[in-house]
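I need the structure of the sequence given here:
(2 chains)
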There are 2 protein chains.
Amino acid sequence: MRYVVTGCAGFVASTLVDRLLADGHAVTGIDDFSTGREAFIERARALPGFELIRGDLREPQLALHASRGADAIFHFSANADVRYGTEHPTRDLEQNTIVTVNVLEAARRNGVRDFLFSSTGSVYGEAAVFPTPEDAPMPVQTSLYGASKVAAEGFIQAYAEGFGIRATIFRFVSLLGERYTHGHVVDFVRQLREHPDRLHVLGDGLQRKSYLYVGDCIEAMLTALRAPTGKVNVFNLGTDEYCRVVDSIGWICEAMGVSPTLTYSGGERGWIGDNPFIFLDCARIRGLGWKPTMTIREAVVRTVEWLVETGE
Amino acid sequence: MRYVVTGCAGFVASTLVDRLLADGHAVTGIDDFSTGREAFIERARALPGFELIRGDLREPQLALHASRGADAIFHFSANADVRYGTEHPTRDLEQNTIVTVNVLEAARRNGVRDFLFSSTGSVYGEAAVFPTPEDAPMPVQTSLYGASKVAAEGFIQAYAEGFGIRATIFRFVSLLGERYTHGHVVDFVRQLREHPDRLHVLGDGLQRKSYLYVGDCIEAMLTALRAPTGKVNVFNLGTDEYCRVVDSIGWICEAMGVSPTLTYSGGERGWIGDNPFIFLDCARIRGLGWKPTMTIREAVVRTVEWLVETGE
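Numbers count the residues shown, from 1 in each chain, chains lettered A, B, ... in the order given. Next comes the predicted model:
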């Protein structure tokens, strides 16, 4: 099989690329390295099945060229930082929604059979039901990031209906593991490396968060790809548990052997558009036989070990 | 108050413009006349409170200039024809989603307090619940039109959350009445005017459809605007009934005094992406004291009379 992976030098995408190559597939990766890391695809680039295309997917010709003859496209390329949305109001529209339609158009024109999309649990906004199932009450978006992803999902679904592309949409909780480079855990580890005696926490520390280990996420995506499914398939990906930010701080401090003084910015939210609680009902993907191998605690500890080991 | 109305020469928008002017407000209308009609704003243009700006809202500067000092923006400008989406895959993205963000950006930069958006019952895709409430299970989009509108809704909601704009989103059923220029009823009337002895129907004629009279729609929008509401307000707008396409054909034929032979293209859907059933739960807007004054039958007959009278 020949796969296209957009945003291939990112955290999750590069992990998937390594796995697809290990399974003997050919992979064309696309990245503009605005946030992707050269180091993350070093291993892939040493393999003959991998082709790297450098470029910006806002240019429609790029995806069209890259996906010629491909069996499936994993579309990861995105502005992934929900935090700074309000400082650059149109960035999420451009990088997440419009780019997705560019890649969809390429899939349509090239007759690519499968389109797999990395969405987010943020599409549920302030969810009314926990754990939140895929058919939760229609949400109100609370961040430009979530809005841009739910927008992309809608176009993917319409393309599946109108043009016979099989669409698989993954709504992730936050992911952890090797190559994790932004979010709570890395912020805390970096602070503690700089000053092991103190840690500043955005919000009140009581925000509840779900995490999933990146290896478990990849396994879930491949499980969904192999399953006989319909035109549009939406899967939540997460664990059956959640933690509070302060819990993760405890595990991080233990793993790093530090006992900092904690200070809090206060308030229920870390920043405008921060969602205080994402906790997903993952019965649908579990129904295909998948289950996570790591608890949140294990995923946090593994991540801290990787951050410490690599000096990230 | 000073209102901006985008797509001001369209069916519903021009009716709203007339009403706002009659109520003594100042109105700046924007239209590129790609589908809007000069005739629909003739009355408005004769009044001193009305200013017309001709231009294409894909140019971001246009909305920025037009909305300076405005109290509220009614955003109607859109590609409104769900039918031809798959022939022009990116048109809905450009004209409905990107243009909406352009207008939102203008509202944000100019500090406009209220943003009111004409969305659609199509955002519910193939709804799982009838009548469909605003917090129906999260839908799968079945048309590019629905996808582009749900995308626009998401950005509007995120702008409301992030920038303090008060957002009001109206999800309409199909509208009927004076100035109605595309959809089932006009197609049928035009066919019957050309050949009163026969009528060709897309689909099997059993598609169920909801309609609302345009005057009732305008009243509902003004009711929502006056109500003390939250940051994001979503309202379904429709009646408590629906009809089958064949019912509307009976009323049309009766009103026109014709007895055509009917032929059907067959199938449950008139076209790819056609939604066989939109039927909205309008308890929320009724809770504000609004109710429709016309039944679907009355709205169909009024529309036929207008079409016949004007030769449309």
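
buried residues, stretch A:91-100. List them.
A:91-93, A:95-100 (16 or more other CB atoms under 10 Å in any protein chain shown). Yep, even glycine has a C-beta here, placed from its N, CA and C like the rest.

kindly report the same for stretch A:124-132.
A:124-125, A:127, A:131-132.

same thing with stretch A:63-71?
A:63-64, A:66-67, A:70.

could you identify the most distant pair in those?
Farthest pair in the buried residues of stretch A:63-71 (CB to CB) is A:L64 and A:A70. Separation: 11.1 Å.

in helices only, show me the buried residues of stretch A:63-71.
A:63-64, A:66 (DSSP state H).

which one of those is nearest B:A283?
A:A63 (44.2 Å).

name the nearest residue to that closest one, ignoring sequence neighbours.
For A:A63, the nearest residue in space outside its immediate sequence neighbours is A:A106; the separation is 3.6 Å by CB to CB, 6 or more residues apart in numbering or on different chains.

could I get the CA-only coordinates of stretch A:105-123 as CSV?
Extracted in CSV, the C-alpha atoms of stretch A:105-123 (Å, rounded to 0.1, in the frame of the first residue of the first chain):
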residue,chain,number,x,y,z
GLU,A,105,-9.6,17.9,-3.3
ALA,A,106,-6.4,16.1,-4.1
ALA,A,107,-7.9,12.8,-2.8
ARG,A,108,-11.0,13.3,-4.9
ARG,A,109,-9.1,14.2,-8.1
ASN,A,110,-6.6,11.3,-7.6
GLY,A,111,-9.2,8.8,-6.7
VAL,A,112,-7.6,8.1,-3.3
ARG,A,113,-9.9,5.5,-1.5
ASP,A,114,-9.3,6.4,2.2
PHE,A,115,-9.0,9.7,4.0
LEU,A,116,-8.0,9.5,7.6
PHE,A,117,-8.1,12.7,9.7
SER,A,118,-6.6,13.7,13.0
SER,A,119,-9.3,15.7,14.7
THR,A,120,-9.6,16.5,18.4
GLY,A,121,-11.8,16.1,21.4
SER,A,122,-11.9,19.9,21.4
VAL,A,123,-14.7,19.6,18.8
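
centre of the chain to that stretch, how far?
14 Å (CA atoms, centre = their mean, to the nearest Å).

and it, what's buried?
For stretch A:105-123, using 16+ other CB under 10 Å, the buried residues are A:105-108, A:110, A:112, A:114-123.

next one: stretch A:169-185
A:169-180, A:183-185.

what mean pLDDT does that stretch have?
On average, the pLDDT along stretch A:169-185 is 93.

again with stretch A:246-254
96.

quickly note the distance from A:E87 to chain B.
A:E87 sits 10 Å away from chain B, going by CB to the nearest CB, to the nearest Å.

outside of the helix or strand in which A:E42 is found, which residues touch it?
Per DSSP states H and E: A:E42 is located in helix A:42-45. Here helix A:42-45 makes contact (CB atoms under 8 Å, 6 or more residues apart in numbering or on different chains) with A:8, A:14, A:17-18, A:21, A:27, A:29, A:50, A:52.

those: which two are farthest apart?
Largest pairwise distance in the contacts of helix A:42-45, by CB to CB, is 13.5 Å, between A:D18 and A:L52.
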